[in-house]
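A.B. asks: mind folding the following:
(chains A and B)
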Amino acid sequence: MNRKPVLKQAFISSLPVLMGYTAMGFAAGVLLAAKSGIRLPALWAFLTSATSISGALQFMLVDWIRTARPMLDVALLTVCLNIRYSMYGLSLIERFRGIPPAKKLYLIWSLTDETYALEVENKVPPGGDSILYCLTLAALNHSYWIFGVTAGALAGAALPFPNKGIDFAMTALFLVILTDQCRERRNRVYAAIGLLVSVPCALIFGVGRGAEEAASLKDRIGMLIPSIVLMLSVLVVFRGPLEKLETWKNRGKKS
Amino acid sequence: MEKPGEEVMSGTSTEYLLLLTAVTAGVTFLLRALPFIFFGTGKRPPALILSIGNVLSPAAIAMLVVYCFACYVQDRPPVDHMFGLAEILASIVVVALQLWKRNPLLSILAGTAVYMTLVQTVVP
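C.D. replies: Got it, this is the predicted structure:
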């Protein structure tokens, strides 16, 4: 009935995201302006952040633009980066059942890690409209992200500074995600598989270059696609033994 | 001069950027929508899909870390750059801070600052 407490609580819940998204988005925007070599970086920062709303992707984009990566690679890498989003929906199917299609589409479109966490937490005031709460949260977080990335691109283009080495932000982001994932013991097995598969692929294929610079087919392919194919094969073929290893490693923790 | 039919799409051309925006946004949306498309009617997802979906993420992130380092090895041959001292030190800062403080933003900013300082001064 009363919308105001719901809107207020959504805003309060979103405050940590406000800080995180504007700062992280700002870094991604600066990187885009500094390293991609595109004209009008702020325009593309706005368009990409508004449509994808994905942190790791926003950083990877810079690299893809710089090397003019073919679209098939882009699509496959996007799947790898963002496959976790398809797990999130599983726990929201019931919550989102029966709501009007336009609202449902927006809730799905705007489903980031942080928005998902807050929607599952669902701190809606007693008697308040839970869907209004989710929509408000999603829209707020979405706008923080767009603001951060666009402001970063504007600042990066307007204030040239000695930016050599700023690309390490992307490496740092992946290291942070990996560190957090490895807190969970079962993930360590799979992180190790990622390493074991991709190091030889890196040695054989290199990082891969755009069509113009590539010296050979091998150079053109690069390590990512072979690594993904190998990784998926290993995960599917050895699913049984891996799950055993997972529970074996967890043995000490239970009881 | 450009010869028709021999153009290679440059990464900074408007066509490339529009395509890139559409593909990344489209694929990401599709991933978010998958469970609603397939299991919106109450069907249980197949066990194989569920288990792969759960475990692909750590493997893929580990691969991306390797990819980042492979890029450094290519762009800054270790032999001429103190065997990757800057990369190694900055990575240690990121992982150690993240283990200790659990604040992603702090870890990323501190690690990047260390790296930028090193490559702009000690290990150019």
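A.B. asks: OK, contacts around B:T117?
C.D. replies: By CB atoms under 8 Å, 6 or more residues apart in numbering or on different chains, the residues touching B:T117 are A:G165. For every residue, glycine as well, the C-beta is placed using N, CA and C.
A.B. asks: rerun that using 10 Å as the cut-off
C.D. replies: With contacts defined as CB atoms under 10 Å, 6 or more residues apart in numbering or on different chains, the neighbours of B:T117 are A:165, B:86, B:90, B:123.
A.B. asks: for the residue nearest to the second one when sequence neighbours are not counted, give me the pLDDT.
C.D. replies: Okay, so that is B:A86. Ranked by CB to CB, 6 or more residues apart in numbering or on different chains and with sequence neighbours excluded, the top spatial neighbour of B:A86 is B:L118, at 3.9 Å. B:L118 carries a pLDDT value of 94.
A.B. asks: in the chain, which spans are helices?
C.D. replies: All of this refers to chain A. Assigned helices in chain A, in chain order: A:4-35, A:41-52, A:55-67, A:71-82, A:85-88, A:101-109, A:113-121, A:130-158, A:168-181, A:185-205, A:217-221, A:224-237, A:239-250 (criterion: DSSP state H).
A.B. asks: other chain: chain B
C.D. replies: Secondary structure of chain B by DSSP H: the helices cover B:14-39, B:47-75, B:85-101, B:104-120.
A.B. asks: lowest mean pLDDT across those, which one is that?
C.D. replies: Looking over these, mean pLDDT reaches its minimum on helix B:47-75, with a mean of 84.
A.B. asks: okay, domains of chain A per the record?
C.D. replies: What the record gives for chain A is the domain set A:4-158, A:182-250, from automatic domain parsing.
A.B. asks: rewinding a little: so how many other residues sit close to the residue nearest to B:A86?
C.D. replies: By the other CB atoms under 10 Å in any protein chain shown criterion, the neighbourhood of B:L118 contains 20 residues.
A.B. asks: OK, contacts around it?
C.D. replies: Counting by CB under 10 Å, 6+ apart, B:L118 touches A:165, A:168, B:81-82, B:85-87, B:89-90, B:124.
A.B. asks: tell me, what residue is most central in chain B?
C.D. replies: Among the residues of chain B, B:L64 comes closest to the average C-alpha position under CA atoms, centre = their mean, at 5.4 Å.
A.B. asks: can you tell me the closest non-neighbouring residue to the residue of the stretch 51-200 of chain A found nearest chain B?
C.D. replies: At 3.0 Å from chain B, A:G194 is the closest residue in the stretch 51-200 of chain A, using CB to the nearest CB. The shortest distance from A:G194 to any non-neighbouring residue, by CB to CB, 6+ apart, is to B:A62 (3.0 Å).
A.B. asks: the helices of chain A: which one's closest to B:C68?
C.D. replies: helix A:168-181 (4.0 Å; CB to CB).
A.B. asks: pLDDT on the closest one, on average?
C.D. replies: 87.
A.B. asks: how about stretch A:74-88?
C.D. replies: Per-residue pLDDT values over stretch A:74-88 give a mean of 86.
A.B. asks: can you give me the buried ones in that stretch?
C.D. replies: Of the residues in stretch A:74-88, those buried under the neighbour-count criterion (16 or more other CB atoms under 10 Å in any protein chain shown) are A:74, A:76-88.
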